[in-house]
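Student: Structure for this input, please:
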Amino acid sequence: MPQRNTSLVHRHLKQKDPVRPTETARTGTESQCKTDTLPYDKPTAYQKCIASRLRIDIRKDTRAVAAARIEEALLPAIRIEYKSGPASLQQIRFAQSLGIAVSQDSFLVAFAKIEEELFARNKAKLESMKLKPGDKVVKRDPVSIDGKQHELVTEFIVSSIQPNCRVFFKGGNGQSAWPAQLEKVTTKGHLRSF
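Tutor: Numbering: from 1, shown residues only. I've put the predicted structure just below:
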């Protein structure tokens with residue numbers, strides 16, 4: 001049987017390499033969002049190794065943006081039909097509303113930058129609210145009834161907070177929201193804005 005030609009990355013993955021990432025056990029008991037469990041810190045040693053071999057500069061990137069750049073470089077080799085594209089107009093406008101520039105980025109890199117900005121905002125909001133399981137929160141949603149705008153106000157009790165900052169509520173059915181969508185109800189029943 002002829003030997004298959006493997007790519008540089010595939011050969012590297014098969015090697016015993018000290019910079020290869022290791023899996024850590026997840027207990028599921030995390031009660032607050034944590035940046036050390038998410039890709040928003042500096043690139044990993046493994047990412048730096050791969051990026052170096054692909055000649056991609058990720059020195060100023062976060063882990064998430066580095067992953068997007070590496071993915072974009074490798075996708076044409078994995079999916080023949082994949083064509084890299086620039087950030088969409090919708091991404092550019094949304095990023096501008098967040099105060100970040102993505103007009104010179106690819107679609108995948110723009111997505112990663114927007115995602116990490118939203119994470120940073122939700123993490124800051126969560127920390128300012130000092131939210132924890134058992135707290136009461138209010139979520140406000142705009143609704144349109146017979147062409148008129150109304151506000152649906154729903155009160156929830158926090159059941160858990162995921163490492164990505166997503167807040168889940170008691171009652172099941174996967175009800176959840178981002179901290180930026182919530183207001184904490186104080187012990188006296190008053191809403192507290194942050």
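
Student: What ranges does the protein have for its helices?
Tutor: 8-14, 45-54, 63-78, 89-98, 107-129 (DSSP state H).

Student: who wins for proximity to Val137 among these?
Tutor: helix 107-129 (8.2 Å; Cβ to Cβ). C-beta here means a position set from N, CA and C on the backbone, and glycine is covered the same way.

Student: Check which helices and strands the closest one sits against.
Tutor: Where contact means 3 or more Cβ pairs under 8 Å, 6 or more residues apart in numbering; DSSP states H and E, helix 107-129 is packed against helix 63-78, helix 89-98, strand 182-185.

Student: Give me the nearest residue to Lys83, chain neighbours excluded.
Tutor: In space, and not counting its chain neighbours, Lys83 is closest to Pro76: 7.8 Å by Cβ to Cβ, 6 or more residues apart in numbering.

Student: again with Val153
Tutor: Arg140 (5.4 Å).

Student: Give me the neighbour count for the one you found.
Tutor: 12 (other Cβ atoms under 10 Å).

Student: Now do it against Phe156, distance only.
Tutor: 12 Å (Cβ to Cβ, to the nearest Å).

Student: And for Ala87?
Tutor: 35 Å.

Student: Have a look at the two and say which one is more surrounded.
Tutor: Between Ala87 and Phe156, counted using other Cβ under 10 Å, the more crowded position is Ala87 (23 against 20).

Student: separation between the more buried one and Leu131?
Tutor: For Ala87, the distance to Leu131 - Cβ to Cβ - is 32 Å.

Student: Identify the residues contacting the residue nearest to Lys83.
Tutor: Tyr82, Lys83, Ser84 (Cβ atoms under 8 Å, 6 or more residues apart in numbering).

Student: which residues touch the nearest residue to Val185 once chain neighbours are set aside?
Tutor: For Val185, ignoring the flanking residues on the chain, the nearest one in space by Cβ to Cβ, 6+ apart is Lys136 at 3.8 Å. Under the criterion of Cβ under 8 Å, 6+ apart, the neighbours of Lys136 are Glu155, Phe156, Ile157, Val158, Lys184, Val185.

Student: and the residue nearest to Val153, what does it touch?
Tutor: Going by Cβ under 8 Å, 6+ apart, the list of residues near Arg140 reads Glu151, Leu152, Val153, Gln181, Glu183.

Student: Make sure the first one is actually in contact with Val143.
Tutor: Yes: applying Cβ atoms under 8 Å as the test, Glu151 and Val143 come out as touching, 7.2 Å apart.
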